[in-house]
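Chemist: Here is a sequence together with a model predicted from it:
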Amino acid sequence: MGKTIQVAADRAFDQAKTVLPAEVARGVYMRNAPSLQALKLMHLMIATAGGRMAEEVQHDIRLSEIRRIEGMKNHDRASLTPLFEELRAAVLTFDDSEAMEVTIGGFLDEAVIKYRHEVSDDILVSWYFARTFRRMAEESNHWAILDRQTVFHLGSKYSVLLFQHVASLAGLEFVREKTFTVPELRALLGVSEGKLDRFADLNRRAILPAVEEINQLSRLTLTARPNKIGRTVASVTIGWQEKDDPREAKRELAASKVGRKARRDGTSETGPTAFPATGGIAYSPRWLNIKKAAGCNADNQKIAADFRRFLSDRGIARDAGNIEKLFADFCCKVGKV
């Protein structure tokens, strides 16, 4: 038995964290990538099994527990069935470069939804994990410890898949970034073939939104840096670091999801001129326009992080009356890089 199962068993008391085998966290869904809600269900199933995830036994969960997940409170037998179908059909591929072997398999062997007492909403779901998943879990010596509420509040499958992958690397000493070829990143994010073929579309609709959302809702701060060969983006370097103070992310998790994107972009009505609390400014037209008008071409993630540090060092609030002028002056000083 590997160390991962022991860690999961030892942390069975911790309802805020999920221990995920790194082989699963870093695996890619080459075909039939699960939807957002199917991925959230997968994480709940792994959390429920805990230290028994590698055993060939029946696991159970009640509908009431599933309904506690963000965005899944209205599920019933009819809507759960296709989610389990997705998990049953997903093909999980993991390339172990150390062992020099590729494993192709699945996550779920069988699921049974027992609805004898459906009238009273007392539905029981039972399942068996697939052999591939169980073997990965049993032999695993590396793991990701995921903040369960972060996973359950993320709003896209791209965010969940990127977060679980980075979380499996964040605890490694001296590892602060990883470079992916564009095809590797597409596979990691579960982007279907024929979808978002242009890098500009992939970046705008998958990579940057995932990075921004993870930055807002997690203990990590991510960056995404495209690397070009000539005029073509050949790879993307994803960097990460632990937040010095994760309290703002925790407050956001506790807040209503209504207006969350506006708060992320700094366009919330409650603070119309507030500089974004986390992430970059790629999706904040106001701040992008100020930056461009100042003749600054710095990375959107970096200049936002540097400006927040500038404000913090001087005790200036993000919604200060002169915040736009301060940012314009800051961008002018940075200039072209």
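Modeler: That came through fine. Numbers count the residues shown, from 1 in each chain.
Chemist: Could you point out which residue ranges in this structure have low pLDDT?
Modeler: Applying pLDDT under 70 to the chain picks out residues 30, 266-273, 283, 336-337.
Chemist: Break the protein down into its domains, please.
Modeler: What automatic domain parsing lists as the domains of the chain is 1-153, 157-255, 258-334.
Chemist: CSV for the ones you listed, including mean neighbour count?
Modeler: To be clear about C-beta, it is placed using only N, CA and C from the backbone, and glycine gets the same treatment. Below are the domains of the chain laid out as CSV (neighbours: other Cβ atoms under 10 Å):
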stretch, mean neighbour count
domain 1-153, 17
domain 157-255, 17
domain 258-334, 16
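Chemist: ok, which stretches of the stretch 201-337 of the chain are helices?
Modeler: Secondary structure of the stretch 201-337 of the chain (DSSP state H, counting those that start in this stretch): helices located at 208-217, 247-254, 260-265, 285-293, 300-314, 323-334.
Chemist: Next, format these as JSON lines and append distance to Phe133.
Modeler: Compiled in JSON lines, those are given as follows (distance: least, Cβ to Cβ, whole Å):
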{"stretch": "helix 208-217", "distance to Phe133": "24"}
{"stretch": "helix 247-254", "distance to Phe133": "28"}
{"stretch": "helix 260-265", "distance to Phe133": "32"}
{"stretch": "helix 285-293", "distance to Phe133": "43"}
{"stretch": "helix 300-314", "distance to Phe133": "34"}
{"stretch": "helix 323-334", "distance to Phe133": "48"}
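Chemist: for these, which one sits closest to Asn32?
Modeler: The stretch from those with the least distance to Asn32 (Cβ to Cβ) is helix 208-217; that distance is 19.9 Å.
Chemist: which secondary structure elements does that closest one contact?
Modeler: Where contact means 3 or more Cβ pairs under 8 Å, 6 or more residues apart in numbering; DSSP states H and E, helix 208-217 is packed against helix 148-153, helix 157-167, strand 220-229, helix 247-254, helix 260-265.
Chemist: Looking at the helices of the stretch 201-337 of the chain, which is nearest to His117?
Modeler: helix 247-254 (33.0 Å).
Chemist: Does anything pack onto the closest one? Which helices or strands?
Modeler: helix 148-153, helix 208-217.
Chemist: Mind putting these into a markdown table with distance to Val19?
Modeler: Shown next, in a markdown table, are the helices and strands packed on helix 247-254 (distance: least, Cβ to Cβ, whole Å):
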| stretch | distance to Val19 |
| --- | --- |
| helix 148-153 | 10 |
| helix 208-217 | 19 |
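Chemist: Among those helices, single out whichever gets nearest to Leu63.
Modeler: Of the helices and strands packed on helix 247-254, nearest to Leu63 by Cβ to Cβ is helix 148-153, at 15.9 Å.
Chemist: any idea how far Gln164 is from Arg186?
Modeler: Using Cβ to Cβ, to the nearest Å, Arg186 is found at 17 Å from Gln164.
Chemist: brain fart, Thr278
Modeler: From Thr278 to Gln164 the distance is 19 Å (Cβ to Cβ).
Chemist: residues in contact with Thr93?
Modeler: 27-30, 102-104 (Cβ atoms under 8 Å, 6 or more residues apart in numbering).
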